[in-house]
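J.: below is the sequence, then the predicted model.
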Amino acid sequence: MEVLQKDNGQKGLFFIKQTNSIVAEMTYVWIGNDRIIIDHTEVSPSLKGKGAGKLLVLKAVEFARLKGVKILPLCPFAKSVFDKTIEIKDVL
């Protein structure tokens, strides 16, 4: 599964496409220049239980590290991934 990203400088999204349809997405908004808020994650039933949601969160972590920004996970799913995964807490 390849995670793609769109970002317009105010908000953005990490997503997975299959057959030209978005089947998983995680949206975020920028707060200033140094923080993003993950506000929503949605995964198609066809990908449930296959790690797609966690993959989206890990891509956001990779992005945050690359850009030197922090993440505030307001989305309950994203927050649960951060709570369970110690090695990504450096971007909180």
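T.: Okay, I see it. Numbering: from 1, shown residues only.
J.: going forward, measure contacts and count neighbours with C-alpha atoms only.
T.: Noted.
J.: could you measure the residue of the chain most remote from its centre against residue 61, distance?
T.: Checked against the mean C-alpha position of the chain, the extreme residue using Cα atoms, centre = their mean is residue 19, at a distance of 21.0 Å. The span separating residue 19 from residue 61 equals 26 Å under the rule Cα to Cα, to the nearest Å.
J.: the strands in the chain, which residues?
T.: 4-7, 11-18, 21-31, 35-43, 70-73 (DSSP state E).
J.: partner strands of the third one, with direction?
T.: It refers to strand 21-31. strand 11-18 (antiparallel), strand 35-43 (antiparallel) (DSSP bridges).
J.: okay if I get the strands of the chain as JSON lines plus mean neighbour count, distance to residue 85 and mean pLDDT?
T.: Converted to JSON lines, the strands of the chain look like this (neighbours: other Cα atoms under 10 Å; distance: least, Cα to Cα, whole Å; pLDDT from 0 to 100):
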{"stretch": "strand 4-7", "mean neighbour count": "13", "distance to residue 85": "22", "mean pLDDT": "98"}
{"stretch": "strand 11-18", "mean neighbour count": "18", "distance to residue 85": "19", "mean pLDDT": "97"}
{"stretch": "strand 21-31", "mean neighbour count": "18", "distance to residue 85": "18", "mean pLDDT": "97"}
{"stretch": "strand 35-43", "mean neighbour count": "19", "distance to residue 85": "16", "mean pLDDT": "98"}
{"stretch": "strand 70-73", "mean neighbour count": "20", "distance to residue 85": "13", "mean pLDDT": "98"}
